[in-house]
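Participant: Need the 3D shape of this:
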Amino acid sequence: MNDASRNRPPLRFGRWAVPTLCVLLLVQILVTLGAGRRDDLSWFDPLIDVRAMVLEDHVGEPDVAKMQEAAISGMLETLDDPYTVWIPPRLESDFDKQMRGSYVGIGAEIEIIDDRLRIVSPLEDSPALEAGVRAGDVVLAIDENDTLGLDSEACIELLVGVEGTPVMLTVRHADGTEAELEVVRRRIETRSVKGIRREGEGWDHVLDPERGIGYIRLTQFTERTIEEMREALDDLDAAGVRALVLDLRFNGGGTLDGAIDVADLFLERGVIVSVRDRKGDGRRWTANRDDDDHLLPMVVLVNDGSASASEIVAGALQDNDRAKILGERTFGKGSVQEVRPLPDDRGTLKMTTARYYLPNGRNLDKRGDTDVWGVDPDPGFLIDLDTDAYRNLVLNRRRHEPIVEPENAAEARFEDPAWIEEEIEDPQLAAAMRTLASKLETDEWLIVGENPGAEAVASSELRDQMAYRTRLLDELAKTEARILELDEPDTDGEAATPAVGSDGTP
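Facilitator: Just a heads-up that it's a prediction; the model follows:
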């Protein structure tokens, strides 16, 4: 019996088979993508409808730019992530300054004292310094704009501008004389690496020349930090330094690459940090053995203002047994942000894309369900300071930071821990010097503080909250006194009538 299927001629598409299948597949893909696109666009329908209704009929005149900013910010707030933010175009220049450590201006550190702008110090190699601006100068006017009552942000707005343009400053010098100074704006590269005091326009990084103890204060991690760190370490090598204090207090972080590069300077092996995204995928960085590795004894100073990149460096050096961590528990920010510009110059999105983990595998984030976060000091190296103590040490340290003539430099004995503790009021730095001196002389670390732990952290937080309550009570007492003053009888013997609203409430 013949099998009919064997005699049936095969079905043939000829040379059109592959193109036909590709067309059919493309049609199916476009249909699928079209459905997804319609779903994406329909998500915006309520927003578009609300916007149209408000623009059409709201009794007030809507600000469409503010509405757009609020819509984007509100969407990001639902992520419950304070580090994912949208930077509108009007704030991008400030954001870029923070990220890159550069801006166009006069180059000076400023503060507001008695409602007037005051120069803390001109920066090294700055147009302000070249024009004759000096530490302690009171700026009376900026381009004929009186500075009386202006806050620092308003003053900065007047000082920055287009590179190559002049700005006229009316200043009162410390000796009481006044002067008109023309300063030509140019790009300022702010330094993130500082020393213990000024040495001319530069920084002195040697704490104790006799024992060979150096000091580097790192204020943030920028694209230029690694270059500045190498310069400072070269200076310390030339001075014969044998031990180092790395001060990361109040360093709020910066670039991940900067943190990895700095940690690698002091490590010849070991894990520095690893990052993982929400899927668990990630990457790990390890130290490379290089000719510029510095393996000298180290103490790293940290406090609750040390965050993110600072915690990466402190944690990497601690977990690899390369340094003693001294101070108090760090802030606890263990997330990585990427900066992504929006198309058509519509701002920048800084978004958390991963979390980073210390060499021991622990994430640093401070969350409500954990008692452990950040980087703790080593056992015997907890020295906790309150807000007032930190304010005092910063103010005292500032006396030695401005660029001044040598004859006007403040007297200093930074080689003496007792002097640092008494005059600078910095027991953490004094303790770092004492334990490094012991390490150099006896090869043993001197115990200089308490042991960290949940109890110590809770005690510190309790003290901070009590101090905060005291400040609130002081403000409340001032307010009560002012109310009584305003409520006193007037000259005719009658009490002043307090103003009331339409519903009778004061």
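Participant: all helices for the protein, in order.
Facilitator: 4-7, 17-42, 45-57, 64-77, 92-100, 127-131, 152-159, 225-238, 256-265, 309-319, 387-398, 417-419, 427-442, 454-486 (DSSP state H).
Participant: I'd like those helices laid out as a markdown table, including distance to residue 216 and mean neighbour count.
Facilitator: Every residue, glycine included, has its C-beta placed from N, CA and C. Shown next, in a markdown table, are the helices of the chain (distance: least, Cβ to Cβ, whole Å; neighbours: other Cβ atoms under 10 Å):
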| stretch | distance to residue 216 | mean neighbour count |
| --- | --- | --- |
| helix 4-7 | 86 | 6 |
| helix 17-42 | 50 | 10 |
| helix 45-57 | 50 | 11 |
| helix 64-77 | 36 | 13 |
| helix 92-100 | 21 | 15 |
| helix 127-131 | 23 | 20 |
| helix 152-159 | 27 | 15 |
| helix 225-238 | 5 | 18 |
| helix 256-265 | 10 | 22 |
| helix 309-319 | 12 | 27 |
| helix 387-398 | 14 | 15 |
| helix 417-419 | 18 | 16 |
| helix 427-442 | 12 | 21 |
| helix 454-486 | 26 | 11 |
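Participant: Make a markdown table out of those and add distance to residue 358.
Facilitator: What follows is the helices of the chain, written out as a markdown table (distance: least, Cβ to Cβ, whole Å):
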| stretch | distance to residue 358 |
| --- | --- |
| helix 4-7 | 69 |
| helix 17-42 | 39 |
| helix 45-57 | 41 |
| helix 64-77 | 28 |
| helix 92-100 | 24 |
| helix 127-131 | 41 |
| helix 152-159 | 36 |
| helix 225-238 | 20 |
| helix 256-265 | 11 |
| helix 309-319 | 4 |
| helix 387-398 | 25 |
| helix 417-419 | 30 |
| helix 427-442 | 22 |
| helix 454-486 | 18 |
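Participant: what's residue 383 in contact with, if anything?
Facilitator: Shown in contact with residue 383 (Cβ atoms under 8 Å, 6 or more residues apart in numbering): 326, 327, 328, 377, 427, 428, 431, 448, 449, 450.
Participant: Not including adjacent chain positions, what is the nearest residue to it?
Facilitator: residue 449 (4.3 Å; Cβ to Cβ, 6 or more residues apart in numbering).
Participant: ok so, going back, who wins on neighbours among the contacts of residue 383?
Facilitator: Within the contacts of residue 383, most neighbours by other Cβ atoms under 10 Å means residue 327, with 31 neighbours.
Participant: just to revisit the earlier point, what about the helices of the chain, which gets the closest to residue 184?
Facilitator: helix 127-131 (5.4 Å; Cβ to Cβ).
Participant: Put the alpha carbons of that closest one into CSV.
Facilitator: Extracted C-alpha coordinates of helix 127-131, given in CSV (Å, rounded to 0.1, in the frame of the first residue of the first chain):
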residue,chain,number,x,y,z
PRO,A,127,41.9,86.4,42.2
ALA,A,128,40.7,87.6,45.6
LEU,A,129,44.1,87.1,47.1
GLU,A,130,45.8,88.8,44.1
ALA,A,131,43.4,91.8,44.3
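Participant: Output the contacting helices and strands for that helix.
Facilitator: strand 116-122, strand 178-184 (3 or more Cβ pairs under 8 Å, 6 or more residues apart in numbering; DSSP states H and E).
Participant: re earlier: turn the helices of the chain into TSV, including mean pLDDT and distance to residue 355.
Facilitator: Listed next are the helices of the chain as TSV, based on pLDDT from 0 to 100; distance: least, Cβ to Cβ, whole Å:
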stretch	mean pLDDT	distance to residue 355
helix 4-7	44	62
helix 17-42	56	28
helix 45-57	90	31
helix 64-77	89	18
helix 92-100	71	20
helix 127-131	91	41
helix 152-159	88	33
helix 225-238	96	23
helix 256-265	95	12
helix 309-319	96	12
helix 387-398	90	28
helix 417-419	97	39
helix 427-442	98	29
helix 454-486	73	21
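Participant: right, and those helices - which one's nearest residue 250?
Facilitator: helix 387-398 (8.0 Å).
Participant: list the helices and strands the closest one packs on?
Facilitator: With contacts defined as 3+ Cβ pairs under 8 Å, 6+ apart, the packing partners of helix 387-398 are helix 454-486.
Participant: List the contacts of stretch 357-373.
Facilitator: Identification of contacts with stretch 357-373 by Cβ under 8 Å, 6+ apart yields 270-276, 311-312, 315-316, 319-320, 329-335, 355-356, 374-375, 454, 457.
Participant: one more time with 10 Å, if that's ok
Facilitator: 267, 270-276, 282, 284, 286-287, 304, 307-308, 311-312, 314-320, 329-335, 355-356, 374-375, 453-454, 457-458 (Cβ atoms under 10 Å, 6 or more residues apart in numbering).
Participant: Likewise for stretch 400-407?
Facilitator: Residues from elsewhere that reach stretch 400-407, judged by Cβ under 10 Å, 6+ apart: 108-109, 119-124, 126, 128-129, 133-136, 174, 194-204, 217, 394, 408-412, 414, 424.
Participant: In strands, which of those fall?
Facilitator: 108-109, 119-122, 194, 197-199, 202-204, 217 (DSSP state E).
Participant: Weed out the non-buried ones from these.
Facilitator: For the ones in strands among the contacts of stretch 400-407, burial is judged from neighbour counts taken by 16 or more other Cβ atoms under 10 Å, and it is met by 108, 109, 119, 121, 122, 194, 197, 198, 203, 204, 217.
Participant: Distance-wise, check the residue nearest to residue 383 relative to residue 195.
Facilitator: Counting by Cβ to Cβ, to the nearest Å, the gap from residue 449 to residue 195 is 24 Å.
Participant: Pairing partners for residue 186 in the sheet, please.
Facilitator: Counting by DSSP bridges, residue 186 is bridged to residue 105.
Participant: Could you check the pLDDT of it?
Facilitator: At residue 186, the pLDDT value in this model is 92.
Participant: hang on, isn't it packed against residue 164?
Facilitator: Yes - counting by Cβ atoms under 10 Å, residue 164 is a contact partner of residue 186 at 7.0 Å.
Participant: Quickly list what's touching both of these two.
Facilitator: Applying Cβ under 10 Å, 6+ apart, one finds that residue 186 and residue 164 are jointly contacted by residue 104.
Participant: ok, those two, which is more surrounded?
Facilitator: Neighbours per residue, other Cβ under 10 Å: of residue 186 and residue 164, the larger number sits with residue 186, 15 against 10.
Participant: residue contacts, the more buried one?
Facilitator: Residue 186 neighbours (Cβ under 10 Å, 6+ apart): 104, 105, 106, 107, 126, 127, 130, 163, 164, 165.
Participant: what number of residues lie near the third one?
Facilitator: The local packing of residue 106 (other Cβ under 10 Å) involves 27 other residues.
Participant: now residue 359
Facilitator: The burial count for residue 359: 20, using other Cβ under 10 Å.
Participant: And it, how far from residue 296?
Facilitator: Remark: distance between residue 359 and residue 296 (Cβ to Cβ) = 20 Å.
Participant: In the protein, which residue is most central in space?
Facilitator: residue 252 (3.4 Å; Cα atoms, centre = their mean).
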